[in-house]
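> Quick one: sequence and predicted model below, then my questions.
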Amino acid sequence: MTPSTNSTFGPARIVALALVALAIAGLAFLHFGTGSDPVTVPSGAHAGQLTLHSCHYATEGGAYDADCGTLVVPENRHDPRTRLIALPVTRIHARSAKPGAPIFRLQGGPGLTNMDFPLASRFAGDHDVVLVGYRGVDGSARLDCPEVASSRAHAREYLTAQSFRDDTSAFKSCADRLQRAGFDLAGYTLPERADDLDAARRALGYARIDLLSESAGTRTAMIYSWRHPQRTHRSVMVGPNPPGDFLWDAKTTGEQIRRYAALCARDEGCRGRTPDLAASIHAASTDLPKRWLFLPVKRGNAQLGAFFGLINATTDGAGPLAGPSTIDTLLDAGNGDGSGAWLLSVMAQLVFPHAQVWGEAAATARTDAGYARRFFAAHADRGSVLGSPGGNFIWAHGGLLDAWPKSPDENEYTRVRDSRVETLLIGGNLDFATPPQKAARELLPHLQNGHQVVLRDLGHTDDFWTYEPAAGTHLVDTFFGTGRVDTSRFTANVVDFTPSTTQGAIAKYVLGAMLGFAALTVLSLLLMARRVRRRGGFGRKASALLRAAYPVVLGFGGWFIGVLFALVALPTVPLDDPLLAALSIGTPVGLGIYFAWVDRSMTAHAKTAGLLAAVAGALIGAALGFHATAGLFAVLTTIIGATAGANLIVIAVDVARVRSAREVAGAGVADAVAATGV
């Protein structure tokens, strides 16, 4: 076909350009227009200043009226010359005309935001619910450590001597860089965080507050009640973490596995698979299959994934990564089926590098520095079924102790203090992260008005929030309101050792989808090339469809090819690597759009220019699209960017061809006029 010389921009081309512009605008909005406004220190602010404005807070029960604002606090209260930092504050209004004491919520972690609590609606009927941002995570001074994230993303395998050395070096580099940038790392401690809470309490005008904390956040609740006992009304700790328990010792992990083993011995299906679950888990974890089919299984990654997979006992709390599903994977691995172990390995590689704000996690972990030195000197991370993969990972096998600087506060709360604050401890007896027996031994004896509820056959905090939520809400509300402990609405959980969807099955579904899309992409490109060679190209409607919609298939297929190649041949390349995404997605999308655009009437020069332009445009668009957002959603934005880039470039080539044809036609007319003398 010869390009029309009548119109450079016909209706079809205008529509195509509009769609490309819309895609580019959408990517730009995702990159620049989403996310919350940055928290900054207002000009002329002073310590303790709180500014608020009306807002709405999204919860599982809908939007609630709230106040949102900024609290200004000193970075280091030990230093009178310290700079000021700002923390976000949200107060979700109680719907009762006469609310009880406000509830200050404390998230776990460490290294996680304290501003995300969609369950606030469960308690905002009779209480204001207050969220105060964690220093180092939520405020104007954030302890991001891209060095640590990069070290873990590029690790050949977790839990190896080399990975520990690399992580230690990364933590040290991060701390040095932050200090050069003006951060006073001595101020990022739990006592400082507790005083942030009290500064918010004073600014909001509350006399006394209730504390609702979970996991690592319970340590802050303890310290607050020790520092400000007269300001603490009541405290509920879900998954309490006493001093020294930012470490997971192998002995306690072994105790929790033996609890599962006892349940297994009473379950006919589980008992039929193994006479001794603890022994089977130990054997499987120390001798995991090195491969599943053609895919390598990284032993350290799988061990780390298995440890965190055992933390929760219900699928409501952890989905397919719940304890029974992880046990099923380990039993299968012991029998030579590495599919579930491969899934754990890959998920660990994807999730853990970016799971936390690593600088804040390091600063919080140093609260237990004294315990950690004794822990690693005594090799408490070794032996007893699984060892301590979680502790070794967080602490870089002890390397964090010398990589992150000391703080004057870190030795202040190394032992449990006596307290008269009415306190309720809640935990599941299968919790691997914060086992309730440790709270019973180490914390409860120091609570003059303390109570403990151990929920049968539940795990870590996600189990509490999701298993029979009405019962959990009633337990917490009743205690805050009256001080009574009422567990009457709970029924005992029954551990299901035969999950309907196993991790091995998920691995097979994932691999099947990856191979299917990869094969479809290769086959599609071959068939498109064959169509162009034999029939000259595609019709206008088919071409439009292939250029607008089919790149989604080609993009996912290309990405899966890239991921599979990286898993097999590039063990240190992250699966979310920008170059990997741009090349694996941009190349097939560019080729597909080229084949849908080209036709036999074009000159060889035009075809070559179109091929190079389509692929180059797709690669550039893919690179820009990848950075429009984060996480796995970036794969889709990369495909959109590649599609927009390739189409924009080939449209430009078309416009150039039309103009060139016009110039040739105009020159021909001029020559004819000159020849006839008209």
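Now that the structure is in, tell me what you want to look at.
> and stretch 136-153, which residues are buried?
Across stretch 136-153, burial judged by 16 or more other Cβ atoms under 10 Å covers 136-149, 151-153. All C-beta spots, glycine's among them, are computed from the backbone N, C-alpha and C.
> Past the top strand by length along the chain, which element shows up next along the chain?
Using DSSP state E to define each element, the chain has its longest strand at strand 62-74. Later in the chain than strand 62-74, the nearest helix or strand by DSSP states H and E is strand 84-92.
> which neighbours does that next one have in its sheet, and in what orientation?
strand 62-74 (antiparallel), strand 129-132 (antiparallel) (DSSP bridges).
> which residues touch the last one?
Here strand 129-132 makes contact (Cβ atoms under 8 Å, 6 or more residues apart in numbering) with 71, 87-92, 94, 102-105, 114-115, 117, 120, 123, 196-197, 200, 204, 209.
> and what of stretch 211-221?
103-110, 114, 123, 190, 193-194, 197, 224-225, 232, 234-243, 246, 364, 367, 433-434, 460-461, 464, 476, 480.
> Pull up the per-residue confidence for residue 675.
We have a pLDDT of 52 for residue 675.
> try residue 321
88.
> What of residue 109?
pLDDT, residue 109: 89.
> contacting residues around it?
By Cβ under 8 Å, 6+ apart, residue 109 lies in contact with 134, 137, 215-217, 356, 360-361, 364.
> separation between residue 261 and residue 437?
Distance, residue 261 to residue 437, using Cβ to Cβ, to the nearest Å: 16 Å.
> scratch that, residue 136 is what I was asking about
Going from residue 136 to residue 437 by Cβ to Cβ gives 31 Å.
> can you give me the strands for this protein?
Using DSSP E, strands in the chain cover 50-59, 62-74, 84-92, 103-106, 129-132, 209-214, 232-238, 291-292, 295-296, 422-428, 450-455.
> rewinding a little: tell me the most buried of the strands paired with strand 84-92?
Sort the strands paired with strand 84-92 by mean neighbour count, taking mean count of other Cβ atoms under 10 Å, and strand 129-132 sits at the top with a mean of 26.
> So what's the gap between that strand and the chain middle?
Computed by Cα atoms, centre = their mean, to the nearest Å, the separation of strand 129-132 from the middle of its chain amounts to 22 Å.
> Output that strand as PDB, nothing but the C-alphas.
Only the C-alpha atoms of strand 129-132 are listed here, as PDB (Å, rounded to 0.1, in the frame of the first residue of the first chain):
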ATOM      1  CA  VAL A 129      -8.500   6.000  67.400                       C
ATOM      2  CA  VAL A 130      -5.200   7.800  67.000                       C
ATOM      3  CA  LEU A 131      -2.400   7.000  64.700                       C
ATOM      4  CA  VAL A 132       1.000   8.700  65.300                       C
END
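> What's the mean pLDDT across it?
On average, strand 129-132 scores 98.
> do the same with stretch 72-86
95.
> for the strands of the chain, which one sits closest to residue 181?
Of all these, it is strand 84-92 that lies closest to residue 181, at 13.1 Å by Cβ to Cβ.
> what residues are up against residue 183?
So residue 183 contacts 75, 141, 143 (Cβ under 8 Å, 6+ apart).
> Would you reformat those as CSV and include distance to residue 494?
What follows is these, written out as CSV (distance: Cβ to Cβ, whole Å):
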residue, distance to residue 494
75, 50
141, 47
143, 42
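> quick one: which of these is nearest to residue 534?
residue 143 (60.5 Å).
> which residue packs closest to that closest one, ignoring adjacent ones?
The shortest distance from residue 143 to any non-neighbouring residue, by Cβ to Cβ, 6 or more residues apart in numbering, is to residue 359 (2.7 Å).
> Ok, residue 23 next?
Nearest to residue 23 is residue 644, by Cβ to Cβ, 6+ apart, at 4.1 Å.
> what about the one you found, how many residues close to it?
28 (other Cβ atoms under 10 Å).
> just to revisit the earlier point, and the gap between the residue nearest to residue 143 and residue 140?
Taking Cβ to Cβ, one finds residue 359 at 14 Å from residue 140.
> which regions of the stretch 301-450 of the chain sit below the pLDDT cut-off?
Scanning the stretch 301-450 of the chain for pLDDT under 70 picks out 384-385.
> what's the answer for the chain, then?
For the chain, applying pLDDT under 70 flags the ranges 1-13, 15-17, 33-36, 384-385, 656-678.
> So residue 566 sits against residue 579, correct?
No. Using Cβ atoms under 8 Å, residue 566 is not in contact with residue 579, being 10.6 Å away.
> Which one's more surrounded, those two?
residue 566 (18 against 11).
> The spatially closest residue to the more buried one that is not a sequence neighbour: neighbour count?
Once flanking residues are discounted, residue 566 sits nearest to residue 573: 4.7 Å by Cβ to Cβ, 6+ apart. Residue 573 sits with 17 neighbouring residues when counted by other Cβ under 10 Å.
> Number the residues from 29 up from this point.
From this message on, residue numbering opens at 29, which makes the last subject residue 601.
> my guess is residue 601 meets residue 611, correct?
No. Here residue 601 does not reach residue 611: they are 11.1 Å apart, not a contact under Cβ under 8 Å.
> Any idea which residue is closest to the centre of the chain?
residue 383 (4.6 Å; Cα atoms, centre = their mean).
> Check the gap between that one and residue 325 for me.
Applying Cβ to Cβ to residue 383 and residue 325 gives a distance of 21 Å.
> what's the answer for residue 380, then?
16 Å.
> Which of those two has more residues huddled nearby?
Each of residue 380 and residue 325 has its neighbours counted (other Cβ under 10 Å); residue 325 has more, 22 against 19.
> OK, contacts around the more buried one?
Remark: with contacts taken as Cβ under 8 Å, 6+ apart, residue 325 is in contact with 316-319, 366, 369-370, 373.
> which of those are buried?
316-317, 366, 369-370, 373.
> Which ones among those residues map onto helices?
369-370, 373 (DSSP state H).
> now the residues you listed in CSV, with distance to residue 625?
Shown next, in CSV, are those (distance: Cβ to Cβ, whole Å):
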residue, distance to residue 625
369, 45
370, 40
373, 41
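> now, which of those sits nearest residue 422?
Set against residue 422, the nearest of those by Cβ to Cβ is residue 373 (18.6 Å).
> is it true that the closest one touches residue 337?
No. Using Cβ under 8 Å, residue 373 is not in contact with residue 337; the gap is 11.6 Å.
> ok, back up a step: could I get the contacts of residue 325 as CSV with distance to residue 555?
Listed next are those as CSV, based on distance: Cβ to Cβ, whole Å:
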residue, distance to residue 555
316, 41
317, 37
318, 37
319, 33
366, 35
369, 37
370, 32
373, 35
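> Residue 464 and residue 471 touch, don't they?
No. If you go by Cβ under 8 Å, residue 464 and residue 471 don't touch, sitting 9.9 Å apart.
> Between the two, which contacts overlap?
268, 453.
> now residue 407: how far from residue 310?
For residue 407 relative to residue 310 (Cβ to Cβ), the value is 17 Å.
> Between those two, which has more neighbouring residues?
residue 310 (20 against 11).
> any idea how far the more buried one lies from residue 220?
As judged by Cβ to Cβ, residue 310 and residue 220 stand 41 Å apart.
> that older thread, for the residue nearest to residue 51, which residues are in contact?
48, 51-52, 55, 649, 653.
> Top of those residues by number of neighbours, please.
Neighbour tally across the contacts of residue 672 (other Cβ under 10 Å): the maximum, 33 neighbours, falls on residue 653.
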